[in-house]
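Asker: Following is a predicted model, sequence given first.
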Amino acid sequence: MSEDQLQRTDEGHAGTPAVATRGLWGHAALRIGTVLLLVVFAVAALLLWLRARRYVSTDDAFIDAHIIYAAPRVPRQVIAVYVTDNQLVHTGQALLELDPADYRARLEEAQSQVAEARAALDESKARVDASAAGYRLSLANLVSAHAEAVKAQSDLRRYLDLRASAPRAVSQLQIDQALAAERSASAQEDAARQQTRTAATQIETAHAALAASAATLRSAESAAHIAALDLGYTRITAPATGHVTQRSVAVGDYVSVGGQLMAIVPLELYVTANFKETDLAQIRRDEPVAVHVDACPAARIRGHVESVQRGAGEAFALLPAENATGNYVKVVQRVPVKIALDRVPGDCILGPGMSVEPTVSVR
């Protein structure tokens, strides 16, 4: 083969890949498909970015509630338990009953003391009325005695004046009798005045006794009221509507004051979501929230932001961080946000501690 032929053969083999490549890219459909794919990726990225701007979510969240604990106010033995675990109870419904025998006897005794105190009060009132009547009578006697004393003094003065003008017109016996009558009337007036003072003192004494009787009655009524309360405390009722949990009491147990016998989870549930502090700038009150519950993945639960805690969660920990000592490393803190549930699905069993994922639609 000549050199010209070999050169043409080499040039032909070397140009084959370039021609093939130019032919593949030369198809219009491939170029259009590539451009469309790039556009789709760009639109998807834009949508994801726009969604990330409009929504804030966290998986550090759980169902929460203000759990109420039923505890006795009086120490006594349990004689009846009316509820069981996970039962729905309503406000005022009886949960359990303690032995009321001692408290019933104390109430009866207190009521007897109230009756005695009320009788003593009535007697004191009667004494006040009697002393007032005696005082009025003594005043009348004093007025009468005073009139008699004035009359006796007038008679004595008239006899003395008559004797001075006509000595023979009045005998010494008449003067002596008038003098004796004047002295007797003055003595009776003094006695009536003293009786009036005594009657006034008796009124004060009767009023003091009345006040003491009234105080005794109030004390007896207070004791009876306390005894009635203690008797009522032997019947423990539900303070709110909710479900019974953690029941730890049975018939025959002796309970002490303040001991937690059972817990009641109220129907008013909410979500405590611990958002990053960097997300708080977008979260506002009353913003709508979509809540995904792990226990009910198909349930659509809606809520709204109710409040944001003033302080990070670690600030209220049992052992808060001491950033002033040692090496400091900045960590994004979590801040609890309270989310109120607008409606709880009836077919979804929710309770404190269950995991949820809230998504806040920010403005």
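Answerer: Here it is on my side, so go on.
Asker: Secondary structure element for the residue most central in space within the chain, which one?
Answerer: When CA atoms, centre = their mean is applied to the chain, the residue found nearest the centroid is residue 239 (11.0 Å). Assigned by DSSP states H and E, residue 239 belongs to no helix or strand.
Asker: distance of it from residue 335?
Answerer: As for residue 239, its distance to residue 335 is 31 Å (criterion: CB to CB, to the nearest Å). All C-beta atoms are positioned from the backbone trio N, CA, C, and that covers glycine.
Asker: With residue 136 instead?
Answerer: In terms of CB to CB, residue 136 sits 81 Å off from residue 335.
Asker: higher neighbour count, the two?
Answerer: residue 335 (21 against 12; other CB atoms under 10 Å).
Asker: Hmm, residue 313 and the more buried one touching each other?
Answerer: Yes. Between residue 335 and residue 313 a contact is recorded at 6.9 Å, counting by CB atoms under 8 Å.
Asker: about what we covered before: tell me which residues touch the residue nearest to the centre of the chain, please.
Answerer: The neighbours of residue 239, taking CB atoms under 8 Å, 6 or more residues apart in numbering as the test, are 68, 70, 91, 264.
Asker: Likewise for residue 151?
Answerer: So residue 151 contacts residue 185 (CB under 8 Å, 6+ apart).
Asker: Quickly find the element holding it.
Answerer: Per DSSP H and E: helix 101-165 holds residue 151.
Asker: Now find how far off-centre that helix is within its chain.
Answerer: 53 Å (CA atoms, centre = their mean, to the nearest Å).
Asker: With stretch 204-214 instead?
Answerer: 40 Å.
Asker: Go through it and flag the buried ones.
Answerer: 206, 209-210, 213 (16 or more other CB atoms under 10 Å).
Asker: And for stretch 228-241?
Answerer: Counting neighbours by 16+ other CB under 10 Å, stretch 228-241 gives 228, 230-231, 233-234, 236-238 as buried.
Asker: just stretch 289-308 next, same as before
Answerer: 289, 291-293, 296, 301, 303, 305.
Asker: just stretch 69-81 next, same as before
Answerer: 70, 72, 74, 76, 78, 81.
Asker: Between all of these, which two are separated the most?
Answerer: Across these, no pair lies farther apart than 74 and 81, at 16.5 Å, counting by CB to CB.
Asker: low pLDDT regions in the chain?
Answerer: The model of the chain has pLDDT under 70 over residues 1-27, 46, 49-53, 170, 324-326.
Asker: Please repeat the previous calculation with a cut-off of 80.
Answerer: 1-35, 45-54, 155-156, 159-176, 178, 315, 317-329, 346, 363 (pLDDT under 80).
Asker: those helices in it, which residues are they?
Answerer: Chain-ordered helices for the chain, with DSSP state H as the definition, fall at 3-25, 28-54, 101-165, 172-233.
Asker: how about the CA coordinates for stretch 81-89, as CSV?
Answerer: Taking Å, rounded to 0.1, in the frame of the first residue of the first chain, the C-alpha atoms of stretch 81-89 are listed here in CSV:
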residue,chain,number,x,y,z
VAL,A,81,-63.2,2.8,94.1
TYR,A,82,-65.7,3.8,91.4
VAL,A,83,-63.4,4.2,88.3
THR,A,84,-60.9,2.1,86.4
ASP,A,85,-57.9,2.8,84.2
ASN,A,86,-58.4,4.9,81.1
GLN,A,87,-62.1,5.6,82.0
LEU,A,88,-63.7,8.8,80.9
VAL,A,89,-65.0,10.8,83.9
